[in-house]
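**Q** structure for the following, please:
(chains A and B, ligands or ions: 2)
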Amino acid sequence: MLLGKNEEIENILRKLQEDAPQIEGAAVVSVEGLPIAASLPPEIDDVRLAAITAAILSLGERAVQEFEKGLVDEVYVKGSGGYILVMGAGPNAVITVSASKDANLGVVRLYMKRAAEKISELI
Amino acid sequence: MKYVKVVFLGLPSVGKTSIITLLSENRVVKSYDPTVGVDFGSLSIGECEVCMWDFAGQDRFRFLWDDFVRGAKVIFAVSDSTPKNVLQTKKIIDELKEKTDALIIGIANKQDLPGAMKPNQVESILGVPTYGMVAIDPRKRVKMYSILRQALEEAVLTVSN
Ligand SMILES: Nc1nc2c(ncn2[C@@H]2O[C@H](COP(=O)(O)OP(=O)(O)OP(=O)(O)O)[C@@H](O)[C@H]2O)c(=O)[nH]1
Ligand SMILES: [Mg+2]
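**A** Numbers count the residues shown, from 1 in each chain, chains lettered A, B, ... in the order given. Ligands and ions are numbered 1, 2, ... in the order given. Next up, the predicted model:
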């Protein structure tokens, strides 16, 4: 049976969390800020998160332009309890993950980038 | 259409954050704390999950509006119902109409203040359907909710995906 696009993306997100267990939550959203697929702890409001994620990347783009640093690759936020990473996944989608405080960011980034590439082929 | 993007924009201190807080948290905003960049609220209406984008009205944030308005199905242009503010809001709406095919609705907020223009007067200037509002009155939440629900129904019918 063929999987729907959203299901395929959900599988990619699940795989991402298997490969990098330090990733606690992951979501893919449209550049307009609407949810597409997510694998998140239940207490998280996926609708608000989608909007926040798209806005973060948009502001990251602006910041990179202002500082004349080329194009945005990712936006990285460090909280006292862990990390948030946001990356474009092709021209129409954005991926975000949250990772634990002790996460190896190199590993997280690597798997995230692979997931973003796969997703950009689907959307 | 499960997820819907709704935008609230307008000049500083007109009550955008107050309206969204009333809708999503059922709480009244008493003091003016300007929005920085953008903020968000969410609300379920029937089958719809509505994400409300709360734009910052201060001048220095206005350049963000074009980016953030993308994909919105409904835009609320909020005014404080003073003549000067309504005229400035009209200009904002005219510029907006060239950039989006979202449904634009006017909100004539602060109807409790003396000298507030009546919603129908505001509507005739703005040139879009306009409703009166008092965002610091918790009893008005029901009204704002039904304005939003009606706008969603209309947007789903008239705006293509
Ligand atoms: N009298 C009266 N005051 C209101 C009403 N609605 C909001 N206010 C007050 O007006 C101020 C508006 O604040 P916000 O809602 O934060 O304004 P905003 O439009 O989000 O402003 P920016 O974020 O700067 O763009 C607050 O002090 C509110 O208490 C209303 O209907 N009547
Ligand atoms: Mg505000």
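
**Q** pLDDT at B:S160, what is it?
**A** At B:S160, the predicted lDDT confidence score is 44.

**Q** look at the nearest residue to A:A103 once chain neighbours are set aside and report its pLDDT.
**A** Using CB to CB, 6 or more residues apart in numbering or on different chains and skipping residues adjacent in sequence, the residue nearest A:A103 is A:Q22, 3.5 Å away. Using the backbone N, CA and C atoms, a C-beta is placed for each residue, glycine as well. pLDDT, A:Q22: 96.

**Q** okay, now residue 42: neighbour count?
**A** Since you didn't name a chain, this refers to chain A. For A:P42, the number of neighbouring residues by other CB atoms under 10 Å in any protein chain shown comes to 5.

**Q** nope, chain B
**A** The burial metric for B:S42, expressed as a neighbour count using other CB under 10 Å, is 20.

**Q** remind me, longest helix of chain B?
**A** helix B:141-158 (DSSP state H).

**Q** list the buried ones in that one?
**A** Using 16 or more other CB atoms under 10 Å in any protein chain shown as the test for burial, helix B:141-158 gives B:R141, B:M144, B:I147, B:L148, B:A151, B:L152, B:A155.

**Q** which residues sit against that helix?
**A** The contact list for helix B:141-158, computed with CB atoms under 8 Å, 6 or more residues apart in numbering or on different chains, reads B:1, B:4, B:6, B:19, B:22-23, B:26, B:43, B:45-46, B:48, B:50, B:73-74, B:76, B:102-103, B:105, B:107, B:131, B:133, B:135.

**Q** name the residues of stretch A:63-75 that come out as buried.
**A** Along stretch A:63-75, these residues count as buried under the neighbour rule (16+ other CB under 10 Å): A:V72, A:E74, A:V75.

**Q** in TSV: these, plus pLDDT.
**A** Listed next are those as TSV, based on pLDDT from 0 to 100:
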residue	pLDDT
A:V72	95
A:E74	96
A:V75	97
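
**Q** any chance of TSV for those residues, columns distance to A:A115?
**A** Putting the buried residues of stretch A:63-75 into TSV (distance: CB to CB, whole Å) gives the following:
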residue	distance to A:A115
A:V72	17
A:E74	13
A:V75	16
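
**Q** among these, which ones are in strands?
**A** Among the buried residues of stretch A:63-75, the members found in strands (DSSP state E) are A:E74, A:V75.

**Q** pretty sure A:E8 sits against A:I123.
**A** No. Taking contacts as CB atoms under 8 Å, A:E8 lies outside contact range of A:I123: 10.0 Å.

**Q** show me which residues of chain B sit near ligand 2.
**A** Applying CB under 5 Å from the ion, we find that chain B lies next to ligand 2 at B:K16, B:T17, B:T35.

**Q** in chain A, which residue sits nearest chain B?
**A** Closest approach of chain A to chain B (CB to the nearest CB) occurs at A:E32, with a separation of 2.6 Å.

**Q** among the buried residues of stretch A:63-75, which are in reach of ligand 1?
**A** When CB under 6 Å from any ligand atom is taken as the criterion, no member of these contacts ligand 1.
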